[in-house]
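Asker: need coordinates for the below:
(chains A and B)
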Amino acid sequence: MRTESRPALVLLLIFTVLTGGVYPLVLTGVAKLVFPRQAEGSLIVHDGRAVGSRLVGQPFSAPRYFWGRLSATTPVPFDASASSGSNLGPLHPALFDAARARIAALRAADPTARGPVPVDLVTASGSGLDPHVSPAAAEYQVARVARARGLSPAEVRAIVSRHTEGRSFGLLGEPRVNVLETNLALDDLARPGAAR
Amino acid sequence: MTTHAVIELVAFLAVLLTLGPPLGGYVARVLDGRPTWMGRVLGPFERVVYRLAGVQPEVESGWRRYALGMLLLNFAGLLSLYALQRLQAVLPLNPQHLPAVSPYLSFNTAVSFATNTNWQSYSGETTLSYLVQMAGLTVQNFLSAASGIAVLAALIRGLARHSAGTIGNFWVDLTRVTLYVLLPLAAVLTLALVSQGVVQTLAPTHAVALVQPVTGAGGGTVTVQHIAVGPAAAQVAIKQLGTNGGGFYNTNSAHPLENPTPLSNFLELLAILLIPVALCFAFGEMVADRRQGWAVFAAMGLLFLLFVVTCLVSEQAGNPRIAALGVDLRAGALQPGGNMEGKEARFGIAGSAIWATATTAASNGSVNAMHDSFMPLGGLVPMLLMQLGEVVFGGVGSGLYGMLMFVIAAVFISGLMVGRTPEYLGKKIGAFEMKMASLVILIPPLTVKIGTAIAVSAAAGRAGVLNPGAHGFSEVLYAFSSVANNNGSAFAGLTTNTPFYDLALGLAMLVGRYWLAVPTLAIAGSLAAKKKLPAGAGTLPTHTPLFVLLLVATVLVVGALALFPALALGPIVEHLMVAGAR
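Answerer: You can find the predicted model right below:
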């Protein structure tokens, strides 16, 4: 027992320093040099102040903005200090309540919206912080946003498509629209001279 | 299943199969003590480590001493991680001034990481300081993974050697695996992940102004979003490579700062299965018969395909009761469709279902979608993969040594059928090996069933359940399946940060890890001492398609029969209820 205790303790100590200190700290330094923006959280700086991260969604409910996924974080949706999914199973009544409430809100904000609602607009994301919606979910909201802003649907679509990403290498992941970036671009359009 | 899902799955398997064999050859060289290019760089450091630790690298030990070394190192790691959590309030690198972690949660998390389970009762960004994430979790991610590979190396030597009294030097195996395999791979992956947007910083939480302020729970207006950051990428890289799976954030790899893009998702997914796959080929290399490695790989691959297709089909079909509300679930060019509850838009159905299968095939347990919100059969896939004993690729090391126990059972069963003495790789499988292999195979399902029975009988166990009905039972069954097989993923609706669950699940993790690793080492010792018999006319070849199918059948029959009644009460009954709603 005693002969094996020394290597156990010494190796734990050495590897704590190496893998728990040197490894993360050196990589923090390298990351700061090579990918400074990404390492800090991909913040969007607007007029000199951070207005969000392009990777972290924000809550929107006004008709003039595109809305994102439902968010199950508490106490407020899109609480990026405490990520959470809803964890509702496929038969939980609250799952249907949330979907019905979202459908009702969409219809209330745009009585002309018809047709089935894209599923990602009525379901909560895994993280509660999803920055994206599907192109179908964005298209469902174009008419409403255009009307609320006095723009033509074509102008709104042009901005949406600028903030739409396809599959990586045409293979991986899903086509998606960045909700926060799209909304910021729409706000910029409304402010003459403040081109981005 | 959509065309896109097929493409994504094929791309994943193709890259895995391209990288697996060469990495396996490299790992075999590391474990055999042969020179490597990493050894030329870090060799001097390796020798300093041995001198400081008082290790004589050329002296090997028998299985008892090997096991003692592993247990002592893991126990010391457990104590260290417990102490770090209890003391985090007074230690540095705690920019959010988080208080000390409770004793129950500290125990649970310390056991969780020492045993390579990485069950998350903790919620990363609101519970643990940067120091605990780095010097606590990350260190155990490395050491528990290296311990698993070391135990496997000992078992392989037991099979490869004959008339030998030793099975290797635990300290040498641990050190070489950490320095030459895990550390370089993790460093490369860390930078790749940062390039995609995974955070790696010591800065405190960012406060940003919300574009549209929202009304808070108390009726006040919330104008600021607090974005938790930290040294995540370095932790995430080894959490995937070492089949650990405990997240930096509460929602693990669903969190956009832990897994921001389809490419980061692909790299993390690859990292989950890379080393377990490579070890199959390392095994073939070390027993000097590559066909044996391919045979085990083929059995694992067949099981994986069976499960991944089931999960993809079930999740893509989606929830008929949601469709009934006037919701479009059809997949198309503009949306993934299907069951999107608990899934991220950037991963869709394919990226989430392939991940869920891979993370539970391997004993990784990291999630990029909430398994609790999967359809009943989609959720059954990860649950059953864990219940099979985490042998479909499994944990680094532990998956293959678990599968080799099933191999021993399979040759034993076929030996009984044809009336010959069972043997594997020239070693007679005797009563002792069968007893030990039976322990390894039977202890996890026993732990799952006893744990679940206690939890659903006790008020403290039922109190944690979120979902009503059969799904609530599934949450408890999933939790014990996960911890007793050292996976760590969850049906996360279950509130487990309570004294009852922290203790019960912690104990199940200890049983599930060490009551398997120690009998495995005992078999290694016993096999090493045996003579090697030349293959005769009555020898069952273990590299043929016939044997692969026999092995698959053994895994399915033993594993599925053990837990089928429990599954019938959970996901199967729920599936019938959902289907009845059509």
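
Asker: state the distance from whatever residue of the stretch 201-350 of chain B ends up closest to chain A to A:L171.
Answerer: Using Cβ to the nearest Cβ, the single residue of the stretch 201-350 of chain B nearest to chain A is B:P262, 2.4 Å away. Placement of C-beta: from N, CA and C, glycine included. As judged by Cβ to Cβ, to the nearest Å, B:P262 and A:L171 stand 8 Å apart.

Asker: compare the two (neighbour count), which wins?
Answerer: B:P262 (24 against 15; other Cβ atoms under 10 Å in any protein chain shown).

Asker: quick one: contacts for the more buried one?
Answerer: Contact partners of B:P262, counting by Cβ atoms under 8 Å, 6 or more residues apart in numbering or on different chains, are A:R167, A:S168, A:L172, A:G173, A:E174, B:R346, B:F347, B:G351.

Asker: could you say what helices and strands whichever strand or helix holds A:A31 packs with?
Answerer: Secondary structure from DSSP states H and E places A:A31 in helix A:23-34. Packed against helix A:23-34 by the contact rule (3 or more Cβ pairs under 8 Å, 6 or more residues apart in numbering or on different chains; DSSP states H and E) you find helix A:36-39, helix B:183-196, helix B:232-241.

Asker: go through those helices and pick out the most buried.
Answerer: Highest mean neighbour count of the helices and strands packed on helix A:23-34: helix B:232-241, a mean of 30 (counted as mean count of other Cβ atoms under 10 Å in any protein chain shown).

Asker: is any part of that helix close to chain A?
Answerer: Yes. Judged by Cβ under 8 Å from any Cβ of the partner chain, helix B:232-241 and chain A are in contact via B:A233, B:A234, B:Q235, B:I238.

Asker: among those, which one sits closest to B:V172?
Answerer: Closest approach to B:V172 among the residues of helix B:232-241 next to chain A (Cβ to Cβ): B:I238, at 20.7 Å.

Asker: the closest one contacts B:N244, doesn't it?
Answerer: Yes. Between B:I238 and B:N244 there is a contact under Cβ atoms under 8 Å: 6.9 Å.

Asker: need the overlap of contacts for the two.
Answerer: With Cβ under 8 Å, 6+ apart as the test, B:I238 and B:N244 both reach B:N141, B:A145.

Asker: TSV for the helices and strands packed on helix A:23-34, including distance to B:V277 and mean pLDDT?
Answerer: As requested, the helices and strands packed on helix A:23-34 are exported to TSV (distance: least, Cβ to Cβ, whole Å; pLDDT from 0 to 100):
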stretch	distance to B:V277	mean pLDDT
helix A:36-39	29	97
helix B:183-196	13	98
helix B:232-241	12	97
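
Asker: check contacts around the one residue sitting closest to the centre of chain A.
Answerer: Chain A has A:P131 as the residue nearest its centroid, 1.4 Å off, counting by Cα atoms, centre = their mean. A:P131 is in contact with A:S53, A:R54, A:L55, A:V56, A:G57, A:G68, A:N178, A:V179, A:L180, B:P256, counting by Cβ under 8 Å, 6+ apart.

Asker: count of residues packed around the first one?
Answerer: A:S53 is surrounded by 27 other residues when neighbours are defined as other Cβ under 10 Å.

Asker: for it, list each beta-bridge partner.
Answerer: Judged by DSSP bridges, the bridge partners of A:S53 are A:L43.

Asker: wait, what's in contact with it?
Answerer: Here A:S53 is in contact with A:G41, A:S42, A:L43, A:I44, A:A80, A:P131, B:H206, B:V208, B:I227, B:L257 (Cβ under 8 Å, 6+ apart).

Asker: next one: the last one
Answerer: Residues in contact with B:P256, defined by Cβ under 8 Å, 6+ apart, are A:L55, A:V56, A:G57, A:S127, A:L129, A:D130, A:P131, B:G197, B:E344, B:R346.

Asker: likewise the second one?
Answerer: When the contact criterion is Cβ under 8 Å, 6+ apart, the partners of A:R54 are A:S42, A:L43, A:I44, A:P131, A:N178, A:L180, A:E181.

Asker: stretch B:485-496: which residues count as buried?
Answerer: For stretch B:485-496, a neighbour-count test (16 or more other Cβ atoms under 10 Å in any protein chain shown) marks B:N485, B:N486, B:N487, B:G488, B:S489, B:A490, B:F491, B:A492, B:G493, B:L494, B:T496 as buried.
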